[in-house]
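Undergrad: pasting the structure only:
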């Protein structure tokens, strides 16, 4: 029987929660803000901000290039939470049956805390845990934080 697994990553940042959250949601600007991770992003369906929209990503994690399509499942501006779901991809899609990413931003002191939660199901038991994405999410978070006005 398939098992949904969970991985968390938390990153403290300097930006205020509202500013980071609104900067984070500018998906079309990520290749400029975080070029070491994101090579390109294209809108496939819908618009950049709406639930149900689909984007095609070209990225690099742990020195390996990959592509995938994802959909925006939920946006909760009040709680500063965004939920994505992978639809298909070459590396991720071959390794994981399902992949859902939840990002939540909360105020913490003068800055904020960004919590990433990934819920995933491996294709089989020989697939490694996706620990390389902890660094990926940390770099992504810090890049957006650096691009946000304080």
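TA: Noted; the coordinates are in hand. Everything numeric here is computed off the predicted structure, so don't read it as measured data. Residues are numbered from 1 along each chain as shown.

Undergrad: wait, a helix at residue 78?
TA: No. Counting by DSSP: H, G, I helix; E, B strand; the rest coil, residue 78 is not part of a helix but coil.

Undergrad: ok, then the element right after the lowest-mean-pLDDT helix or strand in the chain?
TA: Ranked by mean pLDDT, DSSP states H and E, the weakest helix or strand in the chain is helix 91-95, scoring a mean of 77. Next along the chain after helix 91-95, taking DSSP states H and E as the criterion, comes strand 96-108.

Undergrad: so what touches whichever helix or strand comes after that next one?
TA: Once the chain leaves strand 96-108, the next helix or strand it forms, by DSSP H and E, is strand 111-122. Residues outside strand 111-122 that contact it (Cβ atoms under 8 Å, 6 or more residues apart in numbering) are 2-17, 20, 24, 95-107, 130, 133, 137, 141. Backbone N, C-alpha and C define where each C-beta goes, glycine included.

Undergrad: ok so, going back, report the buried residues of the least confident helix or strand of the chain.
TA: By neighbour count on 16 or more other Cβ atoms under 10 Å, the buried set for helix 91-95 is 92-93, 95.

Undergrad: would you convert those residues into a markdown table that also reports distance to residue 32?
TA: Listed next are the buried residues of helix 91-95 as a markdown table, based on distance: Cβ to Cβ, whole Å:
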| residue | distance to residue 32 |
| --- | --- |
| 92 | 23 |
| 93 | 26 |
| 95 | 28 |
